[in-house]
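Visitor: Any chance you could fold what I've pasted below:
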Amino acid sequence: MNSRGFEEVEHTADIAIRVRGRSLAEMFANAAYGMACQMAGHPASAGAEGEMIERTIDLTAYDAETLLVSWLGELLYLGEREGCVFIGFDMVKVTASRLQAIVRGGPATTHQRHIKAVTFNDLDIVHTDDGYETTIVFDV
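Guide: As a prediction, this is how the structure comes out:
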C-alpha cells in the first residue's frame, strides 16, 4: 500500500486496485487518485504544463458501491471531455448514498493506459477496524 491509500492488484484482463481510507471520503479520494495513476503514471504534475481546471461534482446513488462507480465514471467522463486527469479532491460530503466534491486537474504529461469504464466486478466496500477498503476493477 502506498502513501496515497491504493495499490495495484493482479487481474487477468483488466486493471484492479485495492483502495483503503479511514473514512468513506478518504477512500473515495484515494480511489480517484489511484485511477489517475493508472491512466497517467504518476500524475502529480498534471496541469503543470497547462491551466488547472476545477469542477464541482454532486452525485446520489442507491448504495456506496454504486456511488463509487458513479464517482469514478464521472471523473472519467469529465477527464475525456476536458482532456485532463483529476488529481486534487476536496471531498465536501460523502455518505453511503451522496457525494459532493470539488475536483482539480489538468493535462497529463504522460499517458499510461486508457480506462474505458469502472466495473462492478467483485466490488464490495468493507468496513474494517482501520476504516474502509475495496477492490476496484477497471475495463481497459
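Visitor: alpha carbons only for contacts and neighbour counts from here, please
Guide: Noted.
Visitor: now the residue found closest to residue 111 once you drop the neighbours it is linked to in the chain: how far from residue 70?
Guide: In this structure, residue 111 finds its nearest non-sequential neighbour in residue 40, 4.4 Å apart by CA to CA, 6 or more residues apart in numbering. Distance of residue 40 to residue 70, given as CA to CA, to the nearest Å: 20 Å.
Visitor: out of those two, which sits in the busier spot?
Guide: residue 40 (21 against 18; other CA atoms under 10 Å).
Visitor: who are the neighbours in contact with the more buried one?
Guide: For residue 40, the contact set (CA atoms under 8 Å, 6 or more residues apart in numbering) comprises 85, 108, 109, 110, 111, 112, 113.
Visitor: With adjacent residues omitted, what lies nearest to residue 118?
Guide: Closest to residue 118 by CA to CA, 6+ apart is residue 138, at 4.7 Å.
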